[in-house]
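1. Turn this into a model:
(one chain, ligands or ions: 2)
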Amino acid sequence: MGTCSYCGVKETMPFKCKFCGEQFCGEHRLPENHECYGLQRFKEERSKMPEKWIYEPFHSKEKAEVGRKVEKPLNKKIYENIRGIDSRKILYAILAIIIVLTVSQVLI
Ligand SMILES: [Zn+2]
Ligand SMILES: [Zn+2]
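-> Ligands and ions are numbered 1, 2, ... in the order given. A predicted model of the protein is given here:
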């Protein structure tokens, strides 16, 4: 027993969306029919690395989905973190230079 996350209809056998993980009725089970934010994210990821994100039909097995969900976004997150730290360090360096310049001008 479940409830459709889109229209609220009670379903004895709800469909689980493989993109956002929510439950839907037969009418709204397809990502296109429930304005799926998971599908939107999937498409964005896919456009970044099309060779690794092969589009699969909706009835594909849960196992493949879990492996993908855990692996790829985690790697991406690490890369983003590294990038984030680097750009922040550069920003701090620039700020420090500006402060030093300003202070030295005031002193002169
Ligand atoms: Zn529904
Ligand atoms: Zn969905």
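2. For the spatially closest residue to Gly2 that is not a sequence neighbour, which residues are in contact?
-> Among residues not flanking Gly2 along the chain, Pro14 sits closest, at 3.4 Å (C-beta to C-beta, 6 or more residues apart in numbering). All C-beta spots, glycine's among them, are computed from the backbone N, C-alpha and C. Residues counted as contacts of Pro14 (C-beta atoms under 8 Å, 6 or more residues apart in numbering) are 1-4, 23-25.
3. how about a cut-off of 10 Å?
-> Listed by C-beta atoms under 10 Å, 6 or more residues apart in numbering, the contact partners of Pro14 are 1-5, 22-26, 28-29.
4. Weed out the non-buried ones from the residues you listed.
-> By the neighbour-count criterion of 16 or more other C-beta atoms under 10 Å, those include these buried positions: 2, 4-5, 22-25, 28-29.
5. For the residue nearest to Gly2, what are phi and psi?
-> Comment: the main-chain dihedrals of Pro14 come out as phi -70, psi 150, following degrees, to the nearest 10.
6. got a pLDDT number for it?
-> For Pro14, the pLDDT comes out at 94.
7. For the chain, give me the ranges with low pLDDT.
-> 50-74, 79, 82-84, 108 (pLDDT under 70).
8. Flag every residue of it that's near ligand 1.
-> 4, 6-7, 9, 25, 28 (C-beta under 5 Å from the ion).
9. Same list, those, but as JSON lines with secondary structure and distance to Lys76 please.
-> JSON lines is the format used below for the residues of the chain next to ligand 1 (DSSP: H, G, I helix; E, B strand; the rest coil; distance: C-beta to C-beta, whole Å):
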{"residue": "Cys4", "secondary structure": "coil", "distance to Lys76": "31"}
{"residue": "Tyr6", "secondary structure": "coil", "distance to Lys76": "28"}
{"residue": "Cys7", "secondary structure": "coil", "distance to Lys76": "33"}
{"residue": "Val9", "secondary structure": "coil", "distance to Lys76": "35"}
{"residue": "Cys25", "secondary structure": "coil", "distance to Lys76": "32"}
{"residue": "His28", "secondary structure": "coil", "distance to Lys76": "29"}
